[in-house]
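Chemist: Following is a predicted model, sequence given first.
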Amino acid sequence: MTETKRGELKKQFRGMARAAQVLGTAYIGVVNGLFTALQSLGKADAASLAAAAGMDPAYVRRWCDAAYAFDLLEAAGDSFWLSQTGAAMIPGAPATLMPAAAQAVLNMHMAERAAELMRTGERPGERVLAERKTLLPWFGPMLEANFARFFEDVICPAVPVFAEVNQRGGLAVDLGCGNGWYLRALARRCGGLRGLGIDGFDENISQATRLAAQEGLGERLRFVAGDAHQFTLDEPADLIAMNRALHHVWEAGGATFIARLRDNLRPGGAAAIWEPDWPADRATLRQPAFQGIAFQNLTEHVQGNHLLRADEIGEAFSAQGLTPEIFRFGDGQEAIIVARKPG
């Protein structure tokens, strides 16, 4: 490597490190409600902002300086107010940038865990998501901000099974429902269906129940704590959905789990599985759009999982007597596998 090339790489990686600092500073402001509080105040000094957000004044004063340094805040004298970038970090803002900050911190947490666990081979499972107290409450909102509009506006109209379930007023079950964003998005588009969400984290169930009630969907949507590996429904479902979660149960026995899906569907019902589509050709991972999937697959290993090919999922459904159809979106990164049970 030439000295010039080495210098270019150093500059590039310093820029990446600075970007991580920006996102880390933004994350602190998001999870502690500092951007939201400052939006309400308009302008405030650090002490007033700390009081409004219920935070320690000394921490907030230093955060304000860091946020100003990275153009997240504007300042004059002792007063601070939101820059355009800072305003875009507010979770409820249109096209909010919050997911980028939350994902960056989650990535660093998972990278640190992978670095440690690679030495022993341990794979502690999904509990690693709850190891950082500030991360788990933002996991669902991060996914919602990233995917809900895409699901509602692009996927739903293109995949006929959602309209079919809506037309007959059927039951849609979401396994691994998180904060319930998938069922809420589906219910907004499909006024005739009922929904049941199941998740293993109590924090997610509380969020999902509260958010459904806020949107006036509490009578149609219900959320309960449960183990997706061992679920049994009191009422056979017209649709069982899994949003980017099938790979979480696959290594424990994919064929057994798909048989459980089949047995909990009513005749003519369907499973709708949304998964990142792991490419068959490793060279695809060099494409910028797929690089994140490669990193995700590394961090999924920490959780006891690995990403799947859509064709592999379809073949597994066929082996259990269901008829699969694959819909691909996002330049091939995302796949919806709809597998129908014979009527």
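Modeler: All right, it came through fine.

Chemist: before we move on, which element is Leu183 in?
Modeler: Secondary structure assignment for Leu183, by DSSP states H and E: helix 181-189.

Chemist: helices or strands up against that helix?
Modeler: Counting contacts by 3 or more CB pairs under 8 Å, 6 or more residues apart in numbering; DSSP states H and E, helix 181-189 is packed against helix 136-150, helix 156-158, helix 160-167, strand 171-175, strand 194-199, helix 202-214, strand 221-225, strand 237-243. Where C-beta positions appear, they are placed from N, C-alpha and C, glycine not excepted.

Chemist: most tightly surrounded among these?
Modeler: A comparison of the helices and strands packed on helix 181-189 by mean neighbour count, using mean count of other CB atoms under 10 Å, puts strand 171-175 on top with a mean of 26.

Chemist: hmm, who's touching it?
Modeler: Contact partners of strand 171-175, identified using CB atoms under 8 Å, 6 or more residues apart in numbering, comprise 165, 180, 182-183, 186, 193-198, 228, 231, 233, 235-243, 245, 264.

Chemist: got the helices and strands packed on helix 181-189 as CSV, with distance to Gln103 and mean pLDDT columns?
Modeler: Listed next are the helices and strands packed on helix 181-189 as CSV, based on distance: least, CB to CB, whole Å; pLDDT from 0 to 100:
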stretch, distance to Gln103, mean pLDDT
helix 136-150, 6, 91
helix 156-158, 24, 94
helix 160-167, 27, 93
strand 171-175, 22, 96
strand 194-199, 20, 95
helix 202-214, 17, 93
strand 221-225, 24, 95
strand 237-243, 16, 96
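
Chemist: Which of those sits closest to Ala66?
Modeler: helix 136-150 (19.5 Å; CB to CB).

Chemist: And the closest one, how far out from the chain middle?
Modeler: Relative to its chain's centre, helix 136-150 lies at 5 Å (CA atoms, centre = their mean, to the nearest Å).

Chemist: coming back round to it: minimum distance to Arg328: which of the helices and strands packed on helix 181-189 has it?
Modeler: helix 156-158 (10.1 Å).

Chemist: Remind me what the closest one packs against, helices and strands.
Modeler: helix 181-189.

Chemist: Give me the pLDDT for Leu129.
Modeler: Leu129 is assigned 86 on the pLDDT scale.

Chemist: did I read that right, it in a strand?
Modeler: No - read with DSSP: H, G, I helix; E, B strand; the rest coil, Leu129 is helix and lies in no strand.

Chemist: in a strand, that's where Gly169 is, yeah?
Modeler: No - checked against three-state DSSP, Gly169 lies outside a strand; its state is coil.

Chemist: Does it touch Cys190 like I think?
Modeler: No - using CB atoms under 8 Å, Gly169 is not in contact with Cys190, being 9.5 Å away.

Chemist: any idea which helix or strand carries the nearest residue to Gln320 once chain neighbours are set aside?
Modeler: The shortest distance from Gln320 to any non-neighbouring residue, by CB to CB, 6 or more residues apart in numbering, is to Ile258 (4.8 Å). Here Ile258 is covered by helix 254-263, with elements defined by DSSP H and E.

Chemist: buried stuff in whichever helix or strand comes after that helix?
Modeler: Tracing the chain past helix 254-263, the next element assigned as helix or strand by DSSP H and E is strand 265-276. Using 16 or more other CB atoms under 10 Å as the test for burial, strand 265-276 gives Leu265, Arg266, Gly269, Ala270, Ala271, Ala272, Ile273, Trp274, Glu275, Pro276.

Chemist: would you list the residues you listed in a markdown table and tack on distance to Gly29 and pLDDT?
Modeler: Converted to a markdown table, the buried residues of strand 265-276 look like this (distance: CB to CB, whole Å; pLDDT from 0 to 100):
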| residue | distance to Gly29 | pLDDT |
| --- | --- | --- |
| Leu265 | 44 | 97 |
| Arg266 | 47 | 95 |
| Gly269 | 45 | 96 |
| Ala270 | 42 | 97 |
| Ala271 | 40 | 97 |
| Ala272 | 36 | 97 |
| Ile273 | 36 | 97 |
| Trp274 | 31 | 97 |
| Glu275 | 33 | 96 |
| Pro276 | 29 | 95 |
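
Chemist: Pull the most distant pair out of those residues.
Modeler: Farthest pair in the buried residues of strand 265-276, by CB to CB: Arg266 and Pro276, 28.7 Å.

Chemist: Tell me which residues are up against stretch 149-159.
Modeler: With CB under 8 Å, 6+ apart as the test, stretch 149-159 has contacts from 162-163, 182, 185-186, 188-190, 243, 272, 274, 327, 329-330, 336, 338.

Chemist: The same query, at a cut-off of 6 Å, please.
Modeler: With contact meaning CB atoms under 6 Å, 6 or more residues apart in numbering, stretch 149-159 is reached by Phe162, Ala185, Arg189, Phe327, Ile336.

Chemist: Could you do stretch 183-199 as well?
Modeler: 148, 151-152, 156, 165-166, 169-177, 180, 205, 208, 217, 220-224, 226, 231.

Chemist: Could I get the buried residue list for the helix holding Leu183?
Modeler: Buried, per 16+ other CB under 10 Å, within helix 181-189: Trp181, Tyr182, Leu183, Arg184, Ala185, Leu186, Ala187, Arg189.

Chemist: Point to the residue nearest the middle of the chain.
Modeler: A centroid search over the chain (CA atoms, centre = their mean) returns Leu143, at 2.7 Å, as the residue closest to the centre.
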